[in-house]
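Sequence first, predicted coordinates after that:
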Amino acid sequence: MAESYLVLDQVAKSYPRPGQPPLRVLDGLDVAVEEGALLSILGPSGCGKSTLLNIINGLDDATSGTVLLAGKEVTTKTRSGVKIGMVFQQPRLLNWRSVRENVALPLREMGLGTDEIDARVRRYLDIVGLSEFSNYYPLQLSGGMQQRVSLARGLAIEPDLLLADEPFSALDEISARKLRQEFLRIWDRTGTTILFVTHNIREAVFLSTRMLVITARPARVHLDLPVEVPYPRRPDDDALFELEKSVTRDFMRMEEETGLTEIGS
Ligand SMILES: Nc1ncnc2c1ncn2[C@@H]1O[C@H](COP(=O)(O)OP(=O)(O)OP(=O)(O)O)[C@@H](O)[C@H]1O
Ligand SMILES: [Mg+2]
């Protein structure tokens, strides 16, 4: 069998706490992700989803276990060489730089030429519907617009692996729907492997090739489910509805069993 593109092997993460035992966030996660997958990650608030993306991106180290990306171990000190795009949960824009500059900056760091940078900035700002706002500064934008700039910045590097942390959460349903379609088009065209975190089960079912539901802290894999509905998918497809219902039920059962729904933790 071909080696998986991304392998999490017994990945655990604890954060030290003064005067208390460490906070156990991830508890020995074992996941193998195939190249080209569109994997959604769901789980209760505070269970460690953002932490997991940070570890995969080499921004944080696991306490134990290993992450292998394209056959190379990822830590904060050893990068895999894979081009990773990250769309953080908070947009993390540079407020003193224009929208255009925010998207262009990582491209400049990659050493791309000016023409290519200009073309990509235009293309991806157009995709997220912000062409008219390229000279604005982040603080002149709404929360949803800032999130779209952040998405454009992540997409513009044309990554091999995209890690997107609730990329559509601040958007109204119509804009989110358009962007999901765009997201799928980009995925289809480029073959990028995508991991995206969402709290929206319907969104996960509609977009992904596979859904990973993880438990409340310390996070373990609760459900690992392929979504075998062919693309292009229709949002009103009955098979998708059925899957959404069954995952929703399962989610509720999981919350009842763990007895833990940490709202806003
Ligand atoms: N740098 C850190 N130092 C200490 N604790 C942290 C740190 N980062 C995250 N945590 C803790 O780890 C736990 C998981 O946080 P994380 O942000 O990964 O959750 P999440 O699943 O992304 O939640 P949400 O759905 O609300 O975004 C939380 O209890 C959080 O307080
Ligand atoms: Mg998070």
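Done, it's in. Ligands and ions are numbered 1, 2, ... in the order given.

residues contacting the residue nearest to Val74 when sequence neighbours are not counted?
Nearest non-adjacent residue to Val74, counting by C-beta to C-beta, 6 or more residues apart in numbering: Val67, 4.4 Å away. Heads up, the C-betas are built off the backbone N, CA and C, glycines and all. Val67 makes contact with Leu6, Val7, Leu8, Asp9, Val11, Ile55, Ile56, Glu73, Val74, Thr75, according to C-beta atoms under 8 Å, 6 or more residues apart in numbering.

by contact count, what packs against the biggest helix by length in the chain?
If you go by DSSP state H, the chain has its longest helix at helix 238-258. For helix 238-258, the packing partners by 3 or more C-beta pairs under 8 Å, 6 or more residues apart in numbering; DSSP states H and E come out as helix 201-207, strand 210-214, strand 221-226.

Mind pulling up the pLDDT for the residue in the stretch 1-150 of the chain that ligand 2 sits nearest to?
Closest to ligand 2 within the stretch 1-150 of the chain is Ser50: 3.2 Å, counting by C-beta to the ion. Ser50 is assigned a pLDDT of 97 by the prediction.

Run a quick neighbour tally on the closest residue in space to Asp165 that isn't next to it in sequence.
By the measure of C-beta to C-beta, 6+ apart, the closest residue to Asp165 outside its immediate chain neighbours is Gln89, 4.1 Å from it. By other C-beta atoms under 10 Å, 17 other residues sit near Gln89.

Would you confirm that Gln89 contacts Phe168?
No. Counting by C-beta atoms under 8 Å, Gln89 sits too far from Phe168 to count as a contact (11.7 Å).

Which residues are in contact with the residue most central in space within the chain?
Central residue of the chain (C-alpha atoms, centre = their mean): Ala164, 2.2 Å from the mean position. The neighbourhood of Ala164, defined by C-beta under 8 Å, 6+ apart, consists of Met86, Val87, Leu151, Gly154, Ile194, Leu195, Phe196, Val197.

Can you give the distance of stretch 158-166 from its chain's centre?
The chain centre lies 6 Å from the centre of stretch 158-166; the measure is C-alpha atoms, centre = their mean, to the nearest Å.

Stretch 154-168 now?
Worked out by C-alpha atoms, centre = their mean, stretch 154-168 lies 7 Å from the chain centre.
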